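>>> Here's my sequence, what's the structure:
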Amino acid sequence: MPKIKTKKAVTKRFKVTGRNKLKRTKPGRRHLLSKKTTKRKRNLRKKTLVAKSQQKTYSRLMGLV
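Numbering: from 1, shown residues only. Take a look at the predicted model:
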């Protein structure tokens, strides 16, 4: 089988943790920030892990598997 090319868009969006989990940024922090509370904006700054159901798909696109 040929080598799998990595999808560069996916590699820019996700970072790999030490245990091969994927970290992503939360959506909703680009615009319309004036109506959002400070607490909500602060929580949107934090990274979160990719859902277990999506993990396999994205790691394949990144060429990890």
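>>> contacts and neighbour counts: CA atoms only from here.
OK.
>>> Now do the SS call for Arg40.
helix (DSSP: H, G, I helix; E, B strand; the rest coil).
>>> From the structure, what's the count of residues near it?
12 (other Cα atoms under 10 Å).
>>> What of Met1?
Met1 has 3 neighbouring residues, counting by other Cα under 10 Å.
>>> Quick check: pLDDT value at the closest residue to Arg29 other than its chain neighbours.
Leaving aside its sequence neighbours, Arg29 sits nearest to Leu44 (Cα to Cα, 6 or more residues apart in numbering; 6.6 Å). Looking at Leu44, its pLDDT reads 97.
>>> Any figure for the gap between Leu44 and Val65?
Distance, Leu44 to Val65, by Cα to Cα, to the nearest Å: 29 Å.
>>> more neighbours, the two?
Neighbour count, other Cα under 10 Å: between Leu44 and Val65, Leu44 has more, with 15 against 10.
>>> ok, that one - contacts?
Going by Cα atoms under 8 Å, 6 or more residues apart in numbering, Leu44 touches 25-29.
>>> Counting neighbours, which of these comes out on top?
Thr25 (16 neighbours).
>>> ok so Gly18 is a strand residue?
No. Assessed with three-state DSSP, Gly18 is coil; it does not lie in a strand.
>>> since we're on it, how many residues are nearby?
When neighbours are defined as other Cα under 10 Å, Gly18 has 7 of them.
>>> what does the model give it for pLDDT?
95.
>>> ok, back up a step: relative to Leu61, which of the contacts of Leu44 is nearest.
If you rank these by distance to Leu61 using Cα to Cα, Thr25 comes first, at 17.7 Å.
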